[in-house]
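Novice: generate coordinates for the sequence data below:
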Amino acid sequence: MAKETAKENQKEEKPFLLDDKNAIPFFFDYAKEHPEKKVRIKTRFGDILVELFEDTPYHRANFIYLTRKKYFNGTTFHRVVPNFIIQGGNSDSYETSRKRGEIGRYLLTNDNRKGHSHHRGVLSVPSSEIENPYKRASPFEFFIVVQSPGAYHLDGGYTPFGKVIEGMDVVDQINKLPIDNREAPIHNVFMEVEVVDE
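Specialist: Take a look at the predicted model:
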């Protein structure tokens, strides 16, 4: 009897993990429960205020969910391509790997037919590098377009899901940092991300 109760408790305590089967239904519901669309990315160079597009609901909901889970806190802008993009949401730290493990392993479908282009200041999502012939989106990373007037060759392949509404000068400052041969800034640029209540 005691063994059966222990097994039942283990089943009840099993943490919820996102995967490729449950992610889209989960974010469908989460998007309705969490209509927030503004986030603030804090860096040592200043803040970047981003407005997420309402018509890319899964990507918006994913970003809000990860922000509320404090996933991005302590991650870095790990890739900087001069006059092109800055990319964030990753880190080599154990803490980032642990957070990903507690959230789940999943990819997001591309949602790139809403008429959004990769204008300067647009927030978009890179495709995952893991077993991904359809270029599905990595849920844990994002990039901001620096190129002027835009990086339109990315249209159709990636999902723009927001835009910088304040702090483009901070984005430009990060984009000018010295980088190594892997396009990583010589000195880490850490971030803290928070949802801005309206």
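
Novice: quick one, phi/psi of the residue lying closest to Gly89 once chain neighbours are set aside?
Specialist: Spatial nearest neighbour of Gly89, chain neighbours left out: Glu141 (3.8 Å); criterion: Cβ to Cβ, 6 or more residues apart in numbering. Heads up, the C-betas are built off the backbone N, CA and C, glycines and all. Recorded main-chain torsions at Glu141 are phi -130, psi 160, according to degrees, to the nearest 10.

Novice: and Glu141, what is it in contact with?
Specialist: Gln87, Gly88, Gly89, Asn90, Val125, Pro126 (Cβ atoms under 8 Å, 6 or more residues apart in numbering).

Novice: confidence score at the fourth one?
Specialist: Among the per-residue scores, Asn90 shows a pLDDT of 87.

Novice: can you point out the buried residues in stretch 81-91?
Specialist: Neighbour counts over stretch 81-91 (16 or more other Cβ atoms under 10 Å) mark Phe84, Ile85, Ile86, Gln87, Gly88, Gly89, Asn90, Ser91 as buried.

Novice: check stretch 175-188 too.
Specialist: For stretch 175-188, a neighbour-count test (16+ other Cβ under 10 Å) marks Asn175, Leu177, Ala184, Pro185 as buried.

Novice: thank you, goodbye.
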